[in-house]
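Colleague: Fold the following for me, if possible:
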Amino acid sequence: MSTPETSLQHEAFRLISEKNWTIVLVGQDKRPLGEWGVGGRNRYDYRNSENIYATTSPGIGVITGPSGLVIIDLDNKEAIKAWAQEFGIPTTLTARTPRGRHLYYNAPAGTYIPPGTSILPGVDVRGGESYAVLPPSTLHGAYQWANNNPIEDLPQNVTDLLSTAKTERKKHIISGAKFDPGTRNDMLASMAGTMRRAGFDHASLSAALHETNKTRCDPPLSVDEVDSIVDSVSRYEPAGPNTLDTISALRIEAANLDDDDPPILANNASLLNTSDLVLLDPDPIDWIWEGSLAPGTLSMLHGEGGLGKSWIALKIGEQMLRDDGTLFDKPIHRGGVVILDGENAETQIHSRIHYTTISETADLHYYMVFDAILGLEELTDEYLDYIIDQHSPRLIIIDSQRALYAGDEKEQSEAGRMLRRFARKIEHHPCAYLFIHHDNRGGDYSGSSDINAAVTGCRLHLKRHHDKDKPEARIITQPKNRIAAELHRQEFLLNIQLQPRSHRQSISGISIEPYENSELVQRKQRLEQAMTLALNTTDGAKYRDVWIAVGFQIDDEGKLMSTYDHAWNELKSDLEAQAFNVKTRGRLGGRVYKEC
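Modeller: Numbering: from 1, shown residues only. Predicted coordinates:
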């Protein structure tokens with residue numbers, strides 16, 4: 001018969017394999033055995049699940065955030081009763097604990113649920129980088145599954161309660177009021193988290209929390225309990241360079257180096273093998289959208305508000321879900337699509353998808369994201385890895401940078417640093433990333449210098465057409481492309497037809513149709529008239545008529561401009577090849593005619 005420890009290991013391996021949970025081994029005191037943060041040796045998932053058999057433990061736990069879980073801990077019978085009165089009797093997967101219940105819920109897509117205590121009397125929440133002990137552990141009592149029900153989504157009213165509890169906790173901290181026994185741990189942990197995100201180190205956290213514990217906790221926690229909070233929070237990285245004196249931090253780190261150690265900034269670069277660069281053929285680009293989107297690249301679609309950037313991005317996704325997708329005469333290859341949408345409500349999303357040709361079985365996964373997922377360093381990395389592991393997409397659309405970025409988009413250097421780090425992180429991802437970015441009020445690419453430098457794929461600029469008679473007319477250009485030639489300027493009509501599928505049959509509600517400028521039509525007519533004159537009259541056509549007919553184009557502002565000289569030279573060659581006589585006197589003088 002297997003030992004209890006072996007049974008725990010088998011159960012842990014099963015949960016990793018079947019449910020894709022992230023597991024931690026815990027001791028008799030219910031605390032993790034060793035390092036269990038990101039990259040820690042006591043953290044087991046699909047990448048190192050076999051290693052769980054190399055050691056034993058009296059208990060196992062699940063790390064909630066990376067497992068896609070939020071666990072509600074009902075600490076006693078009173079808490080179980082209070083929860084049922086507030087939210088009804090739970091029907092989701094439930095575990096019995098020595099004193100209460102653990103309710104397992106799916107975490108809301110794209111929403112970070114932090115750990116918290118006493119959201120109701122005796123009710124704690126396990127979210128983010130927190131954990132809960134799993135059955136069949138036996139630690140101060142048995143943990144057993146109370147049912148085998150499917151894991152339900154976290155109800156919206158519970159999410160609202162968590163948000164309210166978080167707001168009230170911040171108000172309580174700022175007020176200077178005492179922390180009673182039911183809130184002490186949570187308040188100190190919240191304070192420590194805020195300080196850590198702002199760049200405070202372990203020593204600063206320890207000093208601040210021990211002093212707060214003395215003056216505001218009634219009664220104070222033990223020294224060991226406060227140290228445990230400090231140690232736990234210190235595992236996280238600060239929020240970013242802008243919230244920390246980076247130069248001072250680097251100087252402190254450099255002071256600890258020996259004289260013969262490489263300089264501290266040597267860690268900021270990766271040395272490439274020259275021989276490989278010279279002798280090995282580069283891998284061919286595995287195009288997703290020919291000439292524009294490729295795996296491992298960060299691209300951006302930007303423009304002013306109200307132009308239909310989200311519709312264009314969705315059109316790219318729609319074409320990827322077909323066998324014969326194209327856009328602007330460039331092939332789009334089939335593949336799965338994930339859309340992370342922080343801009344639109346569910347009703348808008350429903351309408352957009354329903355009115356396309358996307359089928360109900362398409363490899364499309366649409367997340368309505370409620371909070372920031374960008375610029376959170378390891379949390380962002382972990383979330384992206386999770387999305388790719390869950391869906392294996394070829395394209396991830398992020399709509400938009402403004403809605404989903406945790407920092408200040410107006411701080412160009414900060415946003416640029418975030419995107420450059422993001423671009424490095426995704427360099428070897430199997431999918432392309434397309435960010436939707438809003439131009440500022442001046443119509444410029446917001447944060448152009450820093451953000452533009454972060455783009456490793458292409459930058460697509462969507463603009464309103466100068467033709468006031470056709471409000472649906474658009475212009476798209478590709479002023480930057482690191483992986484291919486720039487896209488030729490495209491003028492088109494973006495038509496959105498929100499008609500039920502039964503009316504449209506297989507026609508998409510997002511149509512991109514050719515745009516023919518009225519000025520172009522007039523030029524063609526003038527050219528035909530000029531050529532007719534050249535054929536049918538003794539004097540032929542005036543050179544000026546022919547030149548004007550083909551020699552002017554319209555710039556982005558709708559003004560006439562001269563073409564390059566080679567445009568006329570090509571036309572002249574074509575005319576002479578058709579036996580026309582071309583006699584010029586100066587730039588606009590002369591005749592074009594045929595001998596009668």
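
Colleague: Is it correct that His437 is in contact with Ser299?
Modeller: No - using C-beta atoms under 8 Å, His437 makes no contact with Ser299, being 10.4 Å away. To be clear about C-beta, it is placed using only N, CA and C from the backbone, and glycine gets the same treatment.

Colleague: From the recorded domain assignment, give the ranges for this protein.
Modeller: Residue ranges for the domains of the chain, per automatic domain parsing: 4-158, 176-282, 298-514, 518-593.

Colleague: Would you quantify the distance from Pro32 to Ile23?
Modeller: 10 Å (C-beta to C-beta, to the nearest Å).

Colleague: tell me what whichever strand or helix holds Glu211 is packed against?
Modeller: Element membership of Glu211 [criterion: DSSP states H and E] is helix 202-216. Applying 3 or more C-beta pairs under 8 Å, 6 or more residues apart in numbering; DSSP states H and E, one finds that helix 202-216 makes contact with helix 184-197, helix 223-234.

Colleague: Export the longest one to CSV, keeping only CA atoms.
Modeller: As requested, C-alpha coordinates have been extracted for helix 184-197 and formatted as CSV (Å, rounded to 0.1, in the frame of the first residue of the first chain):
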residue,chain,number,x,y,z
ARG,A,184,-4.6,43.0,11.4
ASN,A,185,-2.9,40.6,9.0
ASP,A,186,-4.8,41.9,6.0
MET,A,187,-4.1,45.6,6.8
LEU,A,188,-0.4,45.0,7.3
ALA,A,189,-0.2,42.9,4.1
SER,A,190,-2.0,45.6,2.1
MET,A,191,0.4,48.3,3.5
ALA,A,192,3.4,46.1,2.7
GLY,A,193,2.1,45.4,-0.9
THR,A,194,1.7,49.1,-1.6
MET,A,195,5.2,49.9,-0.3
ARG,A,196,6.8,47.1,-2.2
ARG,A,197,5.2,48.2,-5.5
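
Colleague: Just give the nearest non-adjacent residue to Val223, would you?
Modeller: His210 (7.4 Å; C-beta to C-beta, 6 or more residues apart in numbering).

Colleague: next one: Ala177
Modeller: Arg216 is the one closest to Ala177 (C-beta to C-beta, 6+ apart), at 7.7 Å.

Colleague: For that neighbour, give me the pLDDT.
Modeller: At Arg216, the model reports a pLDDT of 86.

Colleague: residues contacting it?
Modeller: Residues near Arg216 by C-beta atoms under 8 Å, 6 or more residues apart in numbering: 176-179, 187.

Colleague: Show me whatever sits in contact with both of Pro32 and Ile23.
Modeller: With C-beta under 8 Å, 6+ apart, Pro32 and Ile23 have common neighbours Gly61.

Colleague: about what we covered before: enumerate the positions of the helix holding Glu211 that are buried.
Modeller: Buried residues in helix 202-216, counted by 16 or more other C-beta atoms under 10 Å: 204-206, 208-210, 212-213, 216.

Colleague: Equivalent analysis for stretch 362-377, please.
Modeller: 362-370, 372-377.

Colleague: now stretch 7-15
Modeller: For stretch 7-15, a neighbour-count test (16+ other C-beta under 10 Å) marks 8-9, 11-13, 15 as buried.

Colleague: next one: it to chain centre, how far?
Modeller: In this view, stretch 7-15 has its centroid 33 Å away from the chain centroid, taken as C-alpha atoms, centre = their mean, to the nearest Å.

Colleague: Now do that stretch, average pLDDT.
Modeller: For stretch 7-15, the mean per-residue pLDDT is 89.

Colleague: And for stretch 485-500?
Modeller: Stretch 485-500 comes out at a mean pLDDT of 80.

Colleague: Mind listing residues that contact that stretch?
Modeller: 291-292, 308, 311-312, 328, 330, 351, 354-355, 458, 460, 465, 470, 472-481, 504, 507, 509-515, 517.

Colleague: cutoff 7 Å now
Modeller: With contacts defined as C-beta atoms under 7 Å, 6 or more residues apart in numbering, stretch 485-500 is touched by 291-292, 308, 311, 328, 351, 355, 465, 470, 472-479, 504, 509-515, 517.

Colleague: Show me just the buried residues among these.
Modeller: By 16+ other C-beta under 10 Å, the contacts of stretch 485-500 give 291-292, 308, 311, 328, 355, 465, 473-478, 509-510, 512, 515, 517 as buried.

Colleague: Dihedrals phi and psi, the spatially most central residue of the chain?
Modeller: The centre of the chain sits closest to Ile398, judged by C-alpha atoms, centre = their mean, with a distance of 4.6 Å. Backbone torsions for Ile398, taken as degrees, to the nearest 10, come to phi -110, psi 110.

Colleague: can you pull the contacts of it?
Modeller: 340, 404, 433, 435-436.

Colleague: ok, Ala132 touching Ile60?
Modeller: No - taking C-beta atoms under 7 Å as the definition, Ala132 is not a contact partner of Ile60, at 10.3 Å.

Colleague: ok, the residue nearest to Val223 touching Asp224?
Modeller: No - using C-beta under 7 Å, His210 is not in contact with Asp224; the gap is 11.4 Å.

Colleague: can you count the residues close to Leu307?
Modeller: Using other C-beta atoms under 10 Å, Leu307 has 21 other residues around it.

Colleague: likewise Asp329?
Modeller: Neighbours of Asp329 (other C-beta under 10 Å): 8.

Colleague: And Leu314, by the same measure?
Modeller: With other C-beta under 10 Å as criterion, Leu314 counts 26.

Colleague: For it, which non-adjacent residue is closest in space?
Modeller: Nearest to Leu314 is Arg352, by C-beta to C-beta, 6+ apart, at 6.0 Å.

Colleague: Now do the SS call for that neighbour.
Modeller: Following DSSP: H, G, I helix; E, B strand; the rest coil, Arg352 is assigned to helix.

Colleague: With Trp36 instead?
Modeller: Using three-state DSSP, the structure places Trp36 in coil.

Colleague: My guess is it contacts Val24. True?
Modeller: Yes - using C-beta under 7 Å, Trp36 is in contact with Val24, at 4.5 Å.

Colleague: Can you flag which of the buried ones among the contacts of stretch 485-500 belong to helices?
Modeller: Trp311 (DSSP state H).

Colleague: where do the strands sit along the stretch 301-450 of the chain?
Modeller: 326-327, 330-331, 337-341, 364-368, 395-399, 432-438 (DSSP state E, counting those that start in this stretch).

Colleague: Could you list the low-pLDDT ranges of the stretch 51-200 of the chain?
Modeller: Within the stretch 51-200 of the chain, the segments meeting pLDDT under 70 span 110-112, 116-119, 163-176, 181-183, 186, 197-198.

Colleague: what about the residue nearest to Ala432 when sequence neighbours are not counted, distance to Thr357?
Modeller: For Ala432, ignoring the flanking residues on the chain, the nearest one in space by C-beta to C-beta, 6+ apart is Leu293 at 4.3 Å. To Thr357, Leu293 is 20 Å away according to C-beta to C-beta.

Colleague: Neighbour count: those two, which is higher?
Modeller: Between Leu293 and Thr357, counted using other C-beta under 10 Å, the more crowded position is Leu293 (26 against 17).

Colleague: just to revisit the earlier point, quick check: the gap between the residue nearest to Leu314 and Leu340.
Modeller: 15 Å.

Colleague: And for Asp286?
Modeller: Using C-beta to C-beta, Asp286 is found at 22 Å from Leu340.

Colleague: Those two: which is more packed in?
Modeller: It is Leu340, of Asp286 and Leu340, that has more neighbours when counted by other C-beta under 10 Å, with 24 against 12.

Colleague: Cool, thanks, talk later.
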